[in-house]
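K.L.:
model the structure of this input:
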Amino acid sequence: MAGRNISYMPLTATPFRHNDQYREISSDNLELAKYIRCFWGSENPYGEIRKIAEASVIIPDTCVDIIYQINHTESTVTGGFCGINDASFLYHECIKPGHLVSVFAIRFYAWGAYSFAEDSLTDTLNQYCDISSRFRRLDEILRPQLLEKQTLKERIAITEDIFLRQLSKLRQNDNVDNAVRLILQQKGALSVNMLARECFISIRQQERLFREYIGITPKKLCNLIRYQCLWNEILSNPVFCIQDAACRYGYSDQSHLMREFKRYHTMNIEKAKACAYKDVGNIQDNHRKS
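P.N.:
Next up, the predicted model:
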């Protein structure tokens, strides 16, 4: 199964964000880590206050999310399944002043969710739909416990227990797994023809399988993984060079790289870095206080 063993770690637009209302925790279980990028949400319930919140930029991260919003004041649990995205969008948080709330979410690698789903991921591209439409059993077991289990760690524990019980009966496809593994190894820099040839499968059949298991075509997944590998390098390489990156990731030239990046990120590289690093100071301040 393609996943953590390929050293691929997709990032959000604000990967350094960390506070009481948002924290990411990776699974300590090596088997689950092949399918799940991380769990995320609020560490504990918090009281909402009336505020003018800045819209968050959500970029294509090659992941899919099950997201639960828990309102402890009203004793309600709502949420949905967010399929893979191939474009950025702005998210505006819905505020209910005075309410005690929390969030819990499961972020799968896009190719890992199908293994635990009960239906095809076809037609989930850029969609936010009902959780039970594809994860009915998980939803039936997990949702009733989210009001009782209030900390992020407690919720992760019960969710991992549910998934571990399913490991012996996962839904998988070798053709899809092999193709994704090759895409990750090449960091998305390969053609659809080459991918089909290397996997000994027709382009048409490969596209059908990708739409069913991931919700996106092989070509789009290649482009998104290339973009995410580029985004990782932009943030991790202190001497990042656009010219070298264009060659390394198979872009025709620097202009092509910059156009593709802005297409997926809605902003140029300089602004994207500034947006990503704006939370670093907050993290350092929190460490000093603790």
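K.L.:
can you tell me how far the nearest residue to Leu125 once chain neighbours are set aside is from Lys153?
P.N.:
The shortest distance from Leu125 to any non-neighbouring residue, by Cβ to Cβ, 6 or more residues apart in numbering, is to Gly215 (5.0 Å). All C-beta spots, glycine's among them, are computed from the backbone N, C-alpha and C. The gap separating Gly215 from Lys153 is 30 Å, by Cβ to Cβ, to the nearest Å.
K.L.:
of these two, who's got more company?
P.N.:
For Gly215 and Lys153, the more surrounded residue by other Cβ atoms under 10 Å is Gly215, and the numbers stand at 26 against 12.
K.L.:
am I right that the more buried one is in contact with Leu121?
P.N.:
Yes - between Gly215 and Leu121 there is a contact under Cβ atoms under 8 Å: 4.0 Å.
K.L.:
anything in contact with each of these two?
P.N.:
Each of Val64, Gly83, Ile84 lies in contact with both Gly215 and Leu121 under the rule Cβ atoms under 8 Å, 6 or more residues apart in numbering.
K.L.:
just those residues: which are in helices?
P.N.:
Among those, none falls in helices (DSSP state H).
K.L.:
which of the residues you listed lies closest to Gln205?
P.N.:
Taking Cβ to Cβ as the measure, Gln205 lies nearest Ile84 of those, at 20.1 Å.
K.L.:
counting neighbours, what do you get for the closest one?
P.N.:
Residue neighbour count, defined by other Cβ under 10 Å, stands at 26 for Ile84.
K.L.:
which non-adjacent residue is nearest it?
P.N.:
Nearest to Ile84 is Ala110, by Cβ to Cβ, 6+ apart, at 4.4 Å.
K.L.:
got a pLDDT number for that neighbour?
P.N.:
On the pLDDT scale, Ala110 is placed at 97.
K.L.:
next, the contact list for it, please.
P.N.:
Counted by Cβ under 8 Å, 6+ apart, Ala110 has contacts Thr62, Cys63, Val64, Ile84, Ile214, Gly215, Ile216, Leu221.
K.L.:
ditto for Pro15
P.N.:
With contact set as Cβ under 8 Å, 6+ apart, Pro15 has these partners: Leu235, Ala276.
K.L.:
can you pull the domain assignment for this structure?
P.N.:
4-169, 174-277 (automatic domain parsing).
K.L.:
now do the last one, average pLDDT.
P.N.:
Looking back up the chat, that one is domain 174-277. Average pLDDT, domain 174-277: 96.
K.L.:
show me where this structure has its helices.
P.N.:
Secondary structure of the chain by DSSP H: the helices cover 136-142, 152-164, 174-185, 192-198, 203-213, 218-236, 242-248, 254-265, 269-277, 280-289.
K.L.:
could I get the buried residue list for the third one?
P.N.:
In terms of neighbour count (16 or more other Cβ atoms under 10 Å), helix 174-185 has its buried residues at Val176, Asp177, Asn178, Ala179, Val180, Arg181, Leu182, Ile183, Leu184.
K.L.:
surely the first one and Arg211 touch.
P.N.:
What that stands for is Val176. No - checked against Cβ under 8 Å, the pair Val176 and Arg211 is beyond contact range at 10.5 Å.
K.L.:
show me what counts as buried in stretch 258-269.
P.N.:
By 16+ other Cβ under 10 Å, the buried positions in stretch 258-269 come out as Glu260, Phe261, Tyr264, His265, Thr266, Met267, Ile269.
K.L.:
my read: the fourth one touches Ala276, true?
P.N.:
No - His265 sits out of contact with Ala276 when judged by Cβ under 8 Å, with a separation of 10.0 Å.
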